[in-house]
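Novice: Sequence first, predicted model second:
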Amino acid sequence: MKNKISILLAALAIVLGAISCDDDDNYLPKPRGYFRIDLPEKAYAKVDTIERYSFECPQYALITHDPYSPDEKNWVNIEMPDFKGSIHLTHKSVDGNLGEYLEDVHTMVTKHLQKANGVRDSLIVNEEHDVYGLFIEMDGKGVATPMQFYLTDSTRNFVRGALYFNFQPNNDSMQPVINFIRADIDHLIETFEWK
């Protein structure tokens, strides 16, 4: 009796093995994986070397002046070499032309809407430091700049900021980095002050 059960189990194992190994049509490849991204600890330092404004930025970042606009001393890039990205900050003086600057922001956002799946914006109001603006976040796989913002005191200063990566974006795989940088941009805005 034991021999018959052993033979039956062996035969069943052979049949099941043959059936499961023979069907190549049901093969499912593993999903595409992405490289692990190590995110640095959050630590900030005050940037007080710009003539018209100051803010705190992450210590893992480098502040450089915009190489394409050497005469603009208040235009800086917050370089993030580990992420191959940067936040571009441009400053303009307001002299009755705030509407033009706001229209420029609208135009820049509109250029990216073709690739965006969704757009969210939120008001920025810091009455203590006279900082007002708008934060714009765009979702989508190929959006070149997932975050843009502007800050103004409405009478003298206007700063526009935008996050860019130095490669063709795949924001699905970059989402952990984008979320990480979002917290840094929020901190920049919270600590922003006019001089």
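Specialist: All right, it came through fine.

Novice: so which strand or helix has Ser69?
Specialist: For Ser69, there is no enclosing helix or strand under DSSP states H and E.

Novice: So it sits against Asn77, correct?
Specialist: No - Ser69 is not in contact with Asn77 according to Cβ atoms under 8 Å; the separation is 10.4 Å. In short, each C-beta sits where N, CA and C put it, glycine included.

Novice: Tell me the buried residues in stretch 80-94?
Specialist: Neighbour-count burial for stretch 80-94, with 16 or more other Cβ atoms under 10 Å as criterion, is recorded at 80, 83, 85-92.

Novice: With stretch 179-195 instead?
Specialist: Of the residues in stretch 179-195, 180-181, 184-185, 187-189, 191-192 count as buried by neighbour count, 16+ other Cβ under 10 Å.

Novice: Could the C-alpha coordinates of that stretch be exported in CSV?
Specialist: Provided in CSV are the C-alpha atoms of stretch 179-195 (Å, rounded to 0.1, in the frame of the first residue of the first chain):
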residue,chain,number,x,y,z
ASN,A,179,8.6,64.8,-2.8
PHE,A,180,11.9,65.2,-0.9
ILE,A,181,12.8,68.5,-2.7
ARG,A,182,9.2,69.7,-2.2
ALA,A,183,9.9,69.8,1.5
ASP,A,184,13.1,71.8,0.8
ILE,A,185,11.2,74.3,-1.3
ASP,A,186,8.5,74.6,1.4
HIS,A,187,11.3,75.4,3.9
LEU,A,188,12.9,77.9,1.5
ILE,A,189,9.5,79.7,1.2
GLU,A,190,8.9,79.6,4.9
THR,A,191,12.3,81.2,5.7
PHE,A,192,12.3,83.7,2.8
GLU,A,193,12.9,87.3,3.7
TRP,A,194,13.4,90.5,1.8
LYS,A,195,16.3,92.8,2.6
